[in-house]
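Trainee: Sequence first, predicted model second:
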Amino acid sequence: MGIKNDNQDITSEAPKLLLSSSIASASDPGSNTVTKSQAGIGKEHPELSWYYMYLSYKELKRYIAVFSGRKAVKLRTSEGVTEECYFCFKVFSYTEAGHRKRFEQCDYTKQEYTLRCESVRAVKEAFSTGSVSQLNALTDEKEVQGSGWLFVCAPLEQLQRILSAMLPRQYLVTDYVTHRAAVIPQRQMEEFIYLYESMPYNIELLNRPLDAYLQKKQRIRITGGIFRGKEGCIMRLHRNTRLVFAFGNMTVAISYLHAFPFEKVD
């Protein structure tokens with residue numbers, strides 16, 4: 001499924017999925033530590049990889065609340081006792097409907113520009129300080145519109161445990177090559193959130209991996225700004241020149257390349 005609006009083609013088709021109970025994972029020190037009893041409070045985790053899943057509207061709202069520590073999940077202990085536990089992970093959601101609304105409501109005014117600048121500052125500060133609460137403030141389950149992607153920065157072992165305990169069972173997206181849970185590095189996630197918050201009208205989320213677009217395309221390297229050192233390729237989409245680069249199993253495409261200083265890569 002997707003929408004087309006001149007320079008915008010947002011694709012949200014979910015790739016191959018994997019049952020959470022069968023994900024291969026490595027143990028993470030302290031990953032079994034959670035807090036209980038107090039709503040909205042959970043253990044904050046250090047910088048980890050991001051995983052993601054595609055959820056329906058209601059499930060997306062539900063899982064945002066659970067993963068951000070605003071709602072408890074019932075887990076069974078090794079002694080067979082069921083306890084209410086709270087987790088506090090970094091989360092970010094993306095929906096086609098939400099992107100369309102932001103794109104359509106962008107009126108290119110000074111007020112809109114100020115709003116985008118404030119969002120960018122919040123993203124930069126959240127990632128530079130590692131603040132969970134500051135990043136999660138960008139995502140409110142009450143404002144979610146439609147089905148879409150939920151990105152979660154958490155120990156894979158804990159994600160397995162939570163997903164296994166909640167019904168109906170949900171799935172993490174898998175990597176096309178390894179068939180294990182697909183991973184988005186911290187840097188890529190920061191770039192995507194930065195783009196979405198600063199230039200929603202210039203960004204497209206494509207559902208195919210970067211390799212599908214690289215053949216006979218000019219590779220470039222960004223030489224300035226937050227994307228300095230980022231490599232991707234130039235391609236034409238809907239009569240517009242775009243820079244595309246990897247984002248998990250998907251690809252992010254951005255337009256208006258003149259805003260980014262770059263050099264060609266042989």
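Mentor: On my side now, so go ahead.
Trainee: Surely residue 149 is within a strand?
Mentor: Yes - counting by DSSP: H, G, I helix; E, B strand; the rest coil, residue 149 is part of a strand.
Trainee: That one contacts residue 98, correct?
Mentor: No - using Cβ atoms under 8 Å as the test, residue 149 is too far from residue 98 to be in contact (10.4 Å). To be clear about C-beta, it is placed using only N, CA and C from the backbone, and glycine gets the same treatment.
Trainee: Okay, helices next: where are they in the stretch 151-266 of the chain?
Mentor: Ranges of helices in the stretch 151-266 of the chain, per DSSP state H, counting those that start in this stretch, are 156-165, 186-198, 211-214.
Trainee: Output those as a markdown table; include the columns mean neighbour count, distance to residue 117 and mean pLDDT.
Mentor: Converted to a markdown table, the helices of the stretch 151-266 of the chain look like this (neighbours: other Cβ atoms under 10 Å; distance: least, Cβ to Cβ, whole Å; pLDDT from 0 to 100):
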| stretch | mean neighbour count | distance to residue 117 | mean pLDDT |
| --- | --- | --- | --- |
| helix 156-165 | 20 | 34 | 95 |
| helix 186-198 | 19 | 8 | 88 |
| helix 211-214 | 14 | 31 | 80 |
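Trainee: Can I get those in CSV including distance to residue 257?
Mentor: What follows is the helices of the stretch 151-266 of the chain, written out as CSV (distance: least, Cβ to Cβ, whole Å):
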stretch, distance to residue 257
helix 156-165, 36
helix 186-198, 13
helix 211-214, 15
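Trainee: what's the burial count for the nearest residue to residue 242 once chain neighbours are set aside?
Mentor: For residue 242, ignoring the flanking residues on the chain, the nearest one in space by Cβ to Cβ, 6 or more residues apart in numbering is residue 253 at 4.3 Å. When neighbours are defined as other Cβ atoms under 10 Å, residue 253 has 22 of them.
Trainee: for residue 228, same thing?
Mentor: 12.
Trainee: now residue 202
Mentor: Residue 202: 19 neighbours (other Cβ under 10 Å).
Trainee: Check residue 223 too.
Mentor: 13.
Trainee: wait, doesn't it sit right on residue 261?
Mentor: Yes - with contact defined as Cβ under 8 Å, residue 223 reaches residue 261; the gap is 4.8 Å.
Trainee: in the stretch 101-250 of the chain, which spans are strands?
Mentor: Ranges of strands in the stretch 101-250 of the chain, per DSSP state E, counting those that start in this stretch, are 148-153, 171-173, 203-206, 218-222, 231-237, 240-247, 250-255.
Trainee: Redo those strands as JSON lines? Include mean pLDDT and distance to residue 88.
Mentor: Below are the strands of the stretch 101-250 of the chain laid out as JSON lines (pLDDT from 0 to 100; distance: least, Cβ to Cβ, whole Å):
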{"stretch": "strand 148-153", "mean pLDDT": "96", "distance to residue 88": "11"}
{"stretch": "strand 171-173", "mean pLDDT": "94", "distance to residue 88": "19"}
{"stretch": "strand 203-206", "mean pLDDT": "88", "distance to residue 88": "26"}
{"stretch": "strand 218-222", "mean pLDDT": "87", "distance to residue 88": "33"}
{"stretch": "strand 231-237", "mean pLDDT": "84", "distance to residue 88": "33"}
{"stretch": "strand 240-247", "mean pLDDT": "86", "distance to residue 88": "25"}
{"stretch": "strand 250-255", "mean pLDDT": "88", "distance to residue 88": "26"}
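Trainee: Pull the number of nearby residues for residue 69.
Mentor: By other Cβ under 10 Å, 24 other residues sit near residue 69.
Trainee: Surely it is in contact with residue 88?
Mentor: Yes - between residue 69 and residue 88 there is a contact at 3.8 Å, judged by Cβ under 8 Å.
Trainee: Could you list the low-confidence segments of the stretch 51-200 of the chain?
Mentor: By pLDDT under 70, the weakly predicted segments of the stretch 51-200 of the chain are 106, 108.
Trainee: Excluding chain neighbours, what is closest to residue 219?
Mentor: residue 265 (4.2 Å).
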